[in-house]
Structure formats: structure tokens, C-alpha cells
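Asks: Structure for this input, please:
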Amino acid sequence: AKAKLGAMLVELLIRTATTLHTSEACFHHEKKWIKNKRSVGYLTISADSYKQCMETNRDALLNSSPYNTKFQPMVRPPRDWTNISNDGGPYYILSSSLMRTKGCKPQAQALRVANLDKVFDGLNALGRVSWKINVDILEAAKRCWDDAIVLGDIPSQFDFDVPPLPEKPAFINRVLFENKNSEEYEKLTQVWKTFRSNLYKYKKMKQKNMDLYSLRCSAILKLNQAEKLKDCEEIYFPYNLDFRGRAYPIPPHLSNIGSDLCRGMLKFKKSKPLGERGLFWLKVHLANLAGADKMPFEARAAFTENNMDNIRAAAEDSFGDFSEGKGKWWMSVEDPFQALATCKEIVRAMGSGDPASYECSLPVHMDGSCNGLQHYAALGRDSVGGRAVNLCDCDVPQDVYVFVMKRVIDRIAEEAATTPDVADPLSESFSIIEKKALRNNAAAKLVNGLIDRGVVKRTVMTSVYGVTYIGARKQIQEKIEEKLEAAGVDIDERANEVHAASGYLASVTMDVMGELFQGARTTMNWLAECAKLIAARGQPMAWLSPIGVPVVQPYRASKTHTVVTLLQSILLTGNSDSLPIHKGRQVTAFPPNYVHSLDSSHMLLTALEMDRRGLAFTAVHDSFWTHPADVDEMNLVLRECFIDLYKRPLLEELKKNWELRYPDIEFPDVPERGDLDLEEVMKGGISFSNI
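Replies: Take a look at the predicted model:
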């Protein structure tokens with residue numbers, strides 16, 4: 001009934017809403033065909049109506065955007081979390097939920113009976129950290145927006161040129177396609193190939209412009225939110241949890257969990273003298289932001305010192321004379337707005353005459369080295385994997401992404417240099433094995449020489465979080481397309497080759513990962529095997545995180561039914577808790593979700609200990625922030641909490657819990673642990689080092 005009523009109201013809107021001057025319809029109902037011979041209905045605004053709206057109301061729309069967000073940063077300390085009810089949250093007027101449960105009733109029921117005192121304390125510790133807007137960076141970002149400087153999160157304000165929509169070829173009698181050797185067949189085939197190619201280019205550029213529009217909206221929301229709060233003495237970001245127990249700031253646009261622009265526009269409210277080591281950590285922090293984070297800390301500090309001319313130019317006149325290239329240096333680094341904030345802080349500290357006494361409020365980050373693999377290595381006591389991700393003491397930081405990259409490059413180069421073993425290279429009929437050999441060889445030759453750390457990084461990062469072959473292929477294809485375009489290759493013309501080569505490269509990368517991190521793979525396989533046994537009983541995966549968060553995976557099989565309305569037929573999808581579980585998703589999602597519950601426990605335990613010591617601390621999953629003067633102590637706390645967490649027999653506890661709940665299931669034995677000594681984590685001076 002609701003769907004039918006809604007369709008009637010939409011149909012009424014389409015018939016009655018017209019433009020002021022031309023009386024043309026403002027809205028149109030369109031259908032677009034998608035895969036599997038299905039169509040999707042869209043309500044679109046006419047170009048004239050959109051243009052009129054933006055021309056007459058643009059300023060009002062932009063200026064009102066920060067006030068349209070329901071959950072915003074707070075200007076007074078948030079209330080403490082004390083219970084899970086909506087009125088027990090941090091906001092004084094608005095109701096907020098402790099957990100984003102995705103509507104899963106079993107999860108909500110488990111929360112009601114769980115002891116969440118330690119979780120509340122951790123969230124409260126994160127939420128009472130006070131912040132301020134870094135006005136210098138806000139003004140720099142606004143300057144970029146006003147002057148149409150494309151930088152970081154400030155996108156281009158000019159759309160790409162979109163080619164005209166190609167006209168679909170007229171219907172041709174299918175009889176003409178029967179003789180594939182005829183001249184008519186060749187001509188018709190070429191016409192359709194040209195049409196499909198031009199249609200692909202048209203859709204691609206349209207999508208790029210839509211993406212640009214989304215990026216502009218996102219930048220406006222962030223800038224306007226910061227502008228609104230820039231005169232506040234202090235602001236706060238209250239936290240809640242996702243269903244795995246990971247802590248997130250509740251405000252959606254501006255927070256420390258955001259992009260480089262958001263992070264650059266924020267600083268701690270409370271400043272603290274740099275002390276003996278604070279300036280050193282500021283220099284390391286700038287090197288990390290500039291991408292020079294694959295070397296020992298002393299070398300990173302030296303990198304910053306070698307760029308002091310660039311740093312002073314950026315701090316003193318960020319948009320000044322670029323004739324010698326110095327003023328532009330901060331714009332060329334990976335995280336420009338955070339880098340500019342750090343440049344200004346370093347120059348002020350050094351110019352104060354006494355850097356140790358300089359009061360600094362800029363946060364410094366320490367990031368885990370491929371944190372998911374760190375947790376897997378600790379779970380399985382995998383010394384090989386632990387050394388690769390810097391859990392062990394090393395003279396030089398280990399870069400797992402470069403480690404994988406080198407192995408992948410060797411395999412690709414070896415394949416590209418070989419000649420496929422086929423009986424007759426000129427033959428048009430090959431066996432399946434010969435076809436695969438030819439495809440792999442062609443793919444290797446296409447990507448040979450294009451592989452760098454960035455190509456494999458995302459796949460390595462997400463491999464421990466259950467990335468699929470399709471997901472890995474998409475990640476790699478984005479990077480390969482960028483490199484081919486930079487080399488002048490028309491990727492539209494060679495789309496099929498690029499797609500095949502990306503798939504081949506994804507397979508090689510995942511094979512290398514499986515060989516290098518056998519300990520992590522063994523633990524992942526054990527978790528998945530246990531999940532299969534439980535899912536086979538029709539039960540969702542459920543467990544208690546080390547800090548006490550009850551986790552219930554919400555994945556259910558969907559149920560659809562069709563409703564016929566005035567406009568179109570609508571397919572409604574239900575995901576009620578009464579529906580059967582989605583066995584496949586329950587199994588594949590469990591290993592990554594379990595590891596997420598471990599990293600969230602480590603983060604909240606660290607927040608509690610830092611709060612007990614009276615030190616400012618916040619975190620974005622595996623990125624940990626504090627004052628520069630306190631980095632050494634934070635690194636010590638991170639290691640202590642990590643060791644304390646993994647001294648517990650976590651996998652044994654997990655198995656014991658399942659055996660109590662499912663006594664008739666015989667679970668496989670916990671995998672045999674390796675020889676990693678957790679105490680080495682205390683010696684590892686670089687296990688949290690922005691790699």
C-alpha cells in the first residue's frame with residue numbers, strides 16, 4: 001500500500017511540477033536497462049530545472065548545508081554512554097544508538113544482556129577529546145576552492161567534455177548475420193562495434209562528471225561545516241560502534257576519520273609543549289605525509305630537514321611565488337592539507353627559539369603496518385608474517401607491499417619472456433590449456449613494467465579482509481588503467497585486453513600472498529571451516545569480542561515480491577530476521593569480521609590506558625593519534641595492549657564458546673601456532689610506523 005501510494009504521489013508530481021518560464025515538466029520518469037534483462041526506474045530532474053535551481057538558490061543551498069546534517073560535531077562535552085537506550089547517548093537532545101546494528105534483532109538482544117562497561121568507558125574516552133578548527137588550513141582549502149585549484153579533496157569545478165550520445169543502428173534483418181563470411185556481415189559487425197564503443201565512451205564520461213559532482217558536494221559539506229565551527233573554542237566528536245565493535249565518530253562529514261582535508265582542518269584544543277622528542281616526531285610525521293615512510297625514523301626526520309627550504313616557503317607563503325618550485329612542494333605530497341599544517345607547525349616551533357617549550361596542538365599519527373596481517377600473525381604466532389609486517393625487531397622497516405610487489409614483478413617478467421607452448425601458433429583452434437597459456441602471456445606482456453607498490457597495495461591490504469578475485473581485479477584494473485593512460489594507450493579501444501590482464505595480475509598477486517603468509521591463510525581457513533559447520537545448521541555467526549562486544553552477523557537470504565504501481569512494477573526486497581541466513585556470506589564474511597572485532601578491541605583498550613594516563617588519544621581503526629610530545633609513550637601503550645590482548649588464547653576461547661552452544665558439532669582443532677615471541681613486539685621499534 002505504501003509503495004502504491006508513493007507511486008501515485010510521484011506521478012502527481014511529474015504531471016503538475018513545471019518550470020516558471022517555459023511551463024515544461026520539471027521531472028521525468030525514465031527506465032534504464034541493466035544486466036539480466038531488467039530495467040530500473042529513475043525520477044530525473046530536467047536540465048533547465050536544475051540550472052534554474054542552482055542559479056537562483058545556489059548560495060542559499062550551499063550556506064544551509066551544514067545545518068541540514070542531523071548529527072553534527074558538538075560544542076560542549078558529550079554525555080557519557082551509560083546504557084544502550086537511545087536516550088543514553090552523547091547528544092543532549094538527539095537520540096543516538098550505541099551500535100549500528102543494520103536492523104538485526106538478535107544483535108540488539110545480545111547488547112541488552114551484555115556487560116558493556118568497558119566498551120562505554122572506551123567510547124567515552126574517545127568522545128571527550130576536545131578539538132578545534134585549524135583556521136590556517138581552512139583558509140587554504142577555501143582558497144583552493146575559490147581559485148579552482150584541484151588539490152587533494154578539492155575537485156575540479158569543470159566537467160569533462162561528454163561526446164554526443166551515439167545513435168543506435170537501425171534494426172537489421174537477422175538473416176544477414178547468418179553468413180559470417182559475407183561482406184555484409186563484416187560491415188554490420190563493424191557498425192555495431194563502433195556503436196558499442198561510442199556508447200561506452202559516452203557513459204564513461206557521464207559517470208566521471210557525476211563522480212565529480214559528488215566530490216564537489218562532499219567538499220562543500222566539509223568546508224561549510226568547518227566554517228560554521230571555526231570560532232568555537234572547542235568541538236567534540238561523540239562515538240558509537242558498528243556491528244563488529246569498531247568505533248566511529250557519529251558526525252558523518254567533518255571528523256578525524258575523514259579524508260586529508262578533514263584531518264588537516266582539525267587540531268587538538270589543548271596544546272602541549274613539544275618536549276625533548278616532539279619536534280623529531282613532527283618531522284617524522286611530515287615525512288610520512290609526504291610518502292617518505294619506508295625508512296627508519298631517523299632517516300624520515302632527515303628527509304624533512306633536507307626539505308626545510310620547501311617547508312619554510314610553504315609555511316610563509318603557501319600560494320606565493322612558484323617560480324623556483326618551492327612554494328608548490330606541499331601541493332605535490334600525498335596528503336597536502338595535513339602536510340601544510342605540519343609545515344606551519346614545524347616552522348613556528350623552530351622559530352620560537354625554544355622548540356622544546358613550544359606549545360603544539362597538532363596531532364601526530366602512528367599507523368599499523370598492514371594491520372590485518374599483524375593481527376593474523378599474532379593470532380597464529382607466525383614469525384615469518386610477523387617480521388614482514390614489523391611485529392618483530394628489524395634494523396630497517398619491512399614493507400610488505402614492496403615484498404609482494406617484487407615477487408609479482410618477477411613472475412610477470414618470467415611469463416612475459418616465455419613463448420607459449422602451443423602446437424601451431426597460426427591455428428585458430430586451440431585447446432583450453434593452450435588458450436589459457438596464450439591469454440596469460442598476452443596479459444603479462446601488457447602489464448610488464450607497469451607494476452609498482454601502488455598496483456598491489458590495496459589487494460594486499462584487503463586480502464586478509466576477504467577480498468574476492470573480482471574485487472582484487474577491480475582494484476588492480478583502476479591502477480593499470482591510470483598507468484596505461486599516462487603512457488598514451490587508448491584504454492577504451494583495448495578494454496577487453498586490460499580487463500583480462502588485470503584478472504591475470506590479480507590471480508598472481510593472490511597466489512603470492514597465499515605463499516608468503518601461510519600462517520594467516522591457515523588461520524583464515526580454520527575460521528571459515530568452523531563458520532561452514534555453524535552456517536550448515538542455519539545459525540548466524542556470533543561471538544564475543546575480547547573487550548566484551550557481542551557480535552552477530554546480520555546476513556540473511558533476501559526475499560522479493562513485485563508490486564504493480566501506476567508508474568512501474570517495483571521489486572521489494574525483505575531482509576527480516578525471520579528469513580534463513582545467507583550461508584555463503586556468513587562464511588566468507590566471518591574471518592574479516594572477526595579480525596575487525598580484534599583490532600577494535602585493541603584500539604579501545606589503548607584508548608582506556610591513554611585516558612588513564614591523562615594523555616590525549618584518538619584513532620581511526622589502525623591509525624593512532626596523540627600530541628607529538630607523547631608519541632613515544634603512546635607507542636609503548638600500543639605494544640603493551642597488543643601483547644596483553646594476544647597473550648589470551650583467543651582462538652581456544654572462540655572454539656570453547658562454540659562447543660558450549662553447539663555440543664553436537666565437532667569443530668576442527670585450533671591450528672598449531674608458530675614460533676613468534678610476542679615479547680619481540682616490545683622490541684620492535686617500528687611496528688606502528690605509518691607504512
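
Asks: which helices and strands does whatever helix or strand S218 lives in pack with?
Replies: Assigned by DSSP states H and E, S218 falls within helix 183-229. If you count contacts as 3 or more CB pairs under 8 Å, 6 or more residues apart in numbering; DSSP states H and E, helix 183-229 packs onto helix 47-64, helix 135-146, helix 260-264. Using the backbone N, CA and C atoms, a C-beta is placed for each residue, glycine as well.

Asks: now the angle from it to helix 135-146?
Replies: 140 degrees (axes from the mean of the first three to the mean of the last three CA atoms, to 10 degrees).

Asks: what's the average pLDDT for helix 183-229?
Replies: Over the span of helix 183-229, the pLDDT mean works out to 88.

Asks: And the pLDDT for the nearest residue in space to F268 that is not next to it in sequence?
Replies: Counting by CB to CB, 6 or more residues apart in numbering, the nearest residue to F268 once its immediate chain neighbours are dropped is S361, at 4.4 Å. If you check S361, the pLDDT there is 96.

Asks: what about the residue nearest to I137 when sequence neighbours are not counted, how many neighbours?
Replies: In this structure, I137 finds its nearest non-sequential neighbour in G264, 4.5 Å apart by CB to CB, 6+ apart. Around G264 sit 28 other residues, with neighbours defined as other CB atoms under 10 Å.

Asks: Next: T468.
Replies: Burial measure for T468: 12 neighbouring residues, criterion other CB under 10 Å.

Asks: pLDDT value on it, please?
Replies: Looking at T468, the pLDDT reads 82.

Asks: about what we covered before: which one of the helices and strands packed on helix 183-229 has the poorest average confidence?
Replies: Per-stretch averages of pLDDT across these put helix 47-64 at the bottom, with a mean of 66.

Asks: The following helix or strand past it: partners in the sheet, and parallel or antiparallel?
Replies: Using DSSP H and E, the helix or strand that follows helix 47-64 in sequence is strand 99-100. Here the strand partners of strand 99-100, with direction, are listed using DSSP bridges: strand 239-242 (parallel).

Asks: mind listing what the next helix or strand along the chain from the strand it pairs with pairs with, with the direction of each?
Replies: Following strand 239-242 in sequence order, the next helix or strand is strand 247-249 (DSSP H and E). Sheet neighbours of strand 247-249, with direction, are listed as strand 239-242 (antiparallel) (DSSP bridges).

Asks: wait, S361 sits on K132?
Replies: Yes. Distance between S361 and K132: 7.2 Å, which falls inside the contact criterion (CB atoms under 8 Å).

Asks: Need the residues touching each of those two.
Replies: With contacts taken as CB atoms under 8 Å, 6 or more residues apart in numbering, the residues that reach both S361 and K132 are K267, F268, K269.

Asks: Let's verify the first one: helix, strand, or coil?
Replies: Put plainly, it is K267. At K267, secondary structure determined by DSSP: H, G, I helix; E, B strand; the rest coil is strand.

Asks: And C232, by the same measure?
Replies: Three-state call for C232 (three-state DSSP): coil.

Asks: Can you tell me the closest non-neighbouring residue to it?
Replies: Here the nearest residue to C232 in space, its sequence neighbours aside, is V75; by CB to CB, 6+ apart that works out to 5.1 Å.

Asks: Where in the protein is the helix or strand with the lowest mean pLDDT?
Replies: Taking all helices and strands of the chain together, the one with the lowest average confidence (mean pLDDT, DSSP states H and E) is helix 47-64, at a mean of 66.

Asks: Around R100, how many other residues sit close by?
Replies: Using other CB under 10 Å as the criterion, R100 is surrounded by 16 other residues.

Asks: go on, A1?
Replies: As a burial measure, the neighbour count of A1 was computed by other CB under 10 Å and equals 6.

Asks: Return the distance of it relative to T562.
Replies: Between A1 and T562 the distance is 15 Å, computed by CB to CB, to the nearest Å.

Asks: before we move on, what about Q553?
Replies: The spacing between Q553 and T562, counted by CB to CB, is 29 Å.

Asks: Which of the two has more residues huddled nearby?
Replies: It is Q553, of Q553 and T562, that has more neighbours when counted by other CB under 10 Å, with 26 against 8.

Asks: Show the contacting residues for that one.
Replies: Applying CB under 8 Å, 6+ apart, one finds that Q553 lies in contact with F243, P540, M541, A542, R585, Q586, A589, F590, N593.

Asks: any low-confidence regions in the chain?
Replies: Regions of the chain meeting the criterion pLDDT under 70 cover residues 33-37, 54-67, 86, 171-180, 321-327, 395, 422-430, 575, 684-691.
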